[in-house]
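K.L.:
Provide a 3D model corresponding to the input given below.
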Amino acid sequence: MPKKISDNTVTLFVNGRKYENWLEVSITCTLQSLARTFSVRSTRSKEDLTIGIQPQDEVKVFIGDDLVLTGYVTKREVSYSASGISITISGASKTVDLQDCCMPHGMANSYKNQTHEQNLKAVCAPFGIGVVDQVKSVDRRNLEFAPTETVGAAVTRYLQKNGILLTDDEAGNLVIAQAGSGGNAHDTLELGKNILEGKRTQDASKRFSDYVTLGQAANPTSELPVSANHLKATARDPEVRRARWFVKQEPGNASTEILQKKAEIIKDMNAGESDTLTYKVQGWRQNNGELWKVNTKVSIFDSLLEIKNIPLLISKIGYSLSSAGSTVELTCISPQAFRLLEEKDSKTIGETSNLSEIKIGSGKI
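P.N.:
Take a look at the predicted model:
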């Protein structure tokens with residue numbers, strides 16, 4: 001049974017009590033972010049109805065009957081002026097502790113030859129955070145970090161090295177996700193129908209004509225000269241109109257096949273990330289009553305931005321409530337930007353767009 005379109009009441013459940021009737025609301029969910037966040041604001045009348053909410057309290061945030069965040073209150077702010085008193089409550093998913101904290105002192109800071117799920121469960125366990133693995137990769141990798149390093153920094157580096165997509169869910173779990181695993185949106189985005197504002201950003205500064213990956217093959221018997229073990233692969237972006245080079249040295253044992261796949265993937269990811277669309281839509285729900293959600297694909301018809309029936313991935317979503325009403329802001333990007341995460345050969349590929357790099361060539365494309 002579809003949900004009511006008007007069922008957009010934002011409710012916080014804290015210490016067994018329900019809080020609602022907010023003047024302003026902001027809830028943000030982003031792919032490749034460890035923790036979704038929220039902020040709500042009310043004004044103080046004769047009785048402060050938020051007095052029972054304090055920092056460090058556990059909280060669940062609902063839009064109507066839909067759970068959208070499970071975590072903690074991180075900040076309570078009270079301010080006043082001649083016009084009145086304002087109270088703002090902010091918080092984040094349970095996974096915010098991964099973002100901010102180091103591992104407990106004395107615990108292991110190195111996990112060897114384990115799957116992504118095993119590695120991430122090991123670092124999430126001390127914080128009481130669950131791990132949901134949508135990918136089920138059998139690839140085995142190492143996860144290492146310094147005792148003074150935050151778990152978030154270590155996990156982000158691990159993500160960049162191994163090319164996995166991490167996010168959180170409404171229950172506060174860390175999710176090893178697949179791009180587009182949320183399915184297809186029910187509604188389309190159409191100029192003149194449901195789009196209030198639109199923006200397209202085409203940024204070619206990180207696109208290159210030639211991508212080169214370098215590697216070293218193992219030579220355990222030393223039968224070949226060192227130079228014979230130097231490997232190279234290249235990929236070309238035909239849409240870049242002048243010579244611009246990107247060169248990446250891959251660590252560890254390599255093969256020409258692996259290097260070729262990595263060069264192609266870096267090329268496709270950079271191309272996909274070079275074109276981003278942002279739309280503001282009235283209301284938080286689609287016509288079937290479902291909330292707009294991150295990691296779903298949506299078809300777009302927008303003659304002003306020259307987009308016609310192109311399905312893009314919703315990579316970021318922001319629900320907002322203000323005096324202007326309830327709106328949702330959707331950031332959309334080509335699924336090509338996440339091509340790596342759809343690659344079946346997970347044993348042999350691991351790369352992301354956040355790479356240490358050597359750039360040769362510059363200027364506008």
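K.L.:
now do the strands in the stretch 151-300 of the chain.
P.N.:
Per DSSP state E, counting those that start in this stretch, the stretch 151-300 of the chain carries strands over the ranges 165-168, 174-177, 189-190, 195-202, 210-216, 230-236, 245-253, 275-282, 297-302.
K.L.:
now do the stretch 1-150 of the chain
P.N.:
Using DSSP E, counting those that start in this stretch, the strands assigned to the stretch 1-150 of the chain run over residues 10-14, 17-19, 24-30, 37-43, 58-63, 66-81, 84-93, 110-115, 131-133, 140-144.
K.L.:
check what pLDDT the closest residue to Pro147 other than its chain neighbours gets.
P.N.:
For Pro147, the nearest residue in space outside its immediate sequence neighbours is Asn109; the separation is 5.6 Å by CB to CB, 6 or more residues apart in numbering. Where you see a C-beta, it was placed from the backbone N, CA and C, and this is true even at glycine. Looking at Asn109, its pLDDT reads 80.
K.L.:
returning to that earlier point: among the strands of the stretch 1-150 of the chain, which comes closest to Ile310?
P.N.:
Of all those, strand 24-30 sits nearest to Ile310, with 21.4 Å by CB to CB.
K.L.:
that closest one packs against which elements?
P.N.:
Counting contacts by 3 or more CB pairs under 8 Å, 6 or more residues apart in numbering; DSSP states H and E, the secondary-structure elements packed against strand 24-30 are strand 37-43, strand 66-81, strand 307-322.
K.L.:
list the buried residues of stretch 175-193.
P.N.:
Neighbour-count burial for stretch 175-193 flags Val175, Ile176, Ala177, Gln178, Ala179, Gly180, Gly182, Ala185, Asp187, Leu189 (criterion: 16 or more other CB atoms under 10 Å).
K.L.:
again, but for stretch 315-331
P.N.:
Residues of stretch 315-331 classed as buried: 315-321, 326-331 (neighbour count, 16+ other CB under 10 Å).
K.L.:
quick one: contacts of stretch 79-99?
P.N.:
Where contact means CB atoms under 8 Å, 6 or more residues apart in numbering, the residues beyond stretch 79-99 that reach it are 12, 34-44, 48, 50, 53, 59, 61, 69-78, 123-124, 127-129, 150-152, 155, 168, 172-174.
K.L.:
just the buried ones from the residues you listed, in ChimeraX syntax?
P.N.:
Paste this into ChimeraX to select the buried members of those, with burial taken from 16+ other CB under 10 Å:
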select :12,34,35,36,37,38,39,40,41,42,50,53,59,61,69,70,71,72,73,74,76,123,124,127,129,150,151,152,155,168,172,173,174
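K.L.:
next, format the helices and strands packed on strand 24-30 as TSV and append distance to Gly16.
P.N.:
Rendered in TSV, the data for those read as follows (distance: least, CB to CB, whole Å):
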stretch	distance to Gly16
strand 37-43	18
strand 66-81	14
strand 307-322	24
